[in-house]
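Visitor: Sequence first, then the predicted structure, then my questions.
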Amino acid sequence: MRVQQLFIGHQTAIKAFILSLRPDFSEAEDILQEVFLRVHTRLFCVPAWTALEKWVFRVTGNLVVDHYRSRRKAGV
């Protein structure tokens, strides 16, 4: 599955997942862009046996946590 197809097919679900964890629309947009950038650059690292959709949601959850930690450290 190509990244573009993944993005088109799952953008709404991933954004809803981000908003459920971090209910700020502008932050959700930033995190969504970061998710697909990360997926695009690291897709070659995903083992063939891994369910791609599960991996993308795992990346998303990790990026939400990273985003929260970086904002907390910055005192925002």
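Guide: Cool, the structure landed.
Visitor: just how off-centre is the helix or strand hosting residue 34 within its chain?
Guide: Element membership for residue 34 (DSSP states H and E) is helix 25-42. Helix 25-42 sits 5 Å away from the centroid of its parent chain (Cα atoms, centre = their mean, to the nearest Å).
Visitor: and whichever helix or strand comes after that helix, C-alpha only, in PDB?
Guide: With elements assigned by DSSP H and E, the helix or strand that comes after helix 25-42 is helix 52-74. Extracted C-alpha coordinates of helix 52-74, given in PDB (Å, rounded to 0.1, in the frame of the first residue of the first chain):
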ATOM      1  CA  LEU A  52       0.400  -1.600   8.500                       C
ATOM      2  CA  GLU A  53      -2.700   0.100   9.900                       C
ATOM      3  CA  LYS A  54      -1.800  -1.000  13.400                       C
ATOM      4  CA  TRP A  55       1.700   0.200  13.000                       C
ATOM      5  CA  VAL A  56       0.400   3.700  11.800                       C
ATOM      6  CA  PHE A  57      -1.800   4.000  14.800                       C
ATOM      7  CA  ARG A  58       1.100   3.000  17.100                       C
ATOM      8  CA  VAL A  59       3.300   5.700  15.500                       C
ATOM      9  CA  THR A  60       0.400   8.200  16.000                       C
ATOM     10  CA  GLY A  61       0.000   7.400  19.700                       C
ATOM     11  CA  ASN A  62       3.800   7.700  20.200                       C
ATOM     12  CA  LEU A  63       3.900  11.100  18.400                       C
ATOM     13  CA  VAL A  64       1.000  12.400  20.500                       C
ATOM     14  CA  VAL A  65       2.900  11.400  23.600                       C
ATOM     15  CA  ASP A  66       6.100  13.000  22.300                       C
ATOM     16  CA  HIS A  67       4.300  16.200  21.400                       C
ATOM     17  CA  TYR A  68       2.700  16.400  24.900                       C
ATOM     18  CA  ARG A  69       6.100  15.800  26.500                       C
ATOM     19  CA  SER A  70       7.900  18.500  24.500                       C
ATOM     20  CA  ARG A  71       5.200  21.000  25.300                       C
ATOM     21  CA  ARG A  72       5.300  20.200  28.900                       C
ATOM     22  CA  LYS A  73       9.100  20.600  29.000                       C
ATOM     23  CA  ALA A  74       8.700  23.900  27.300                       C
END
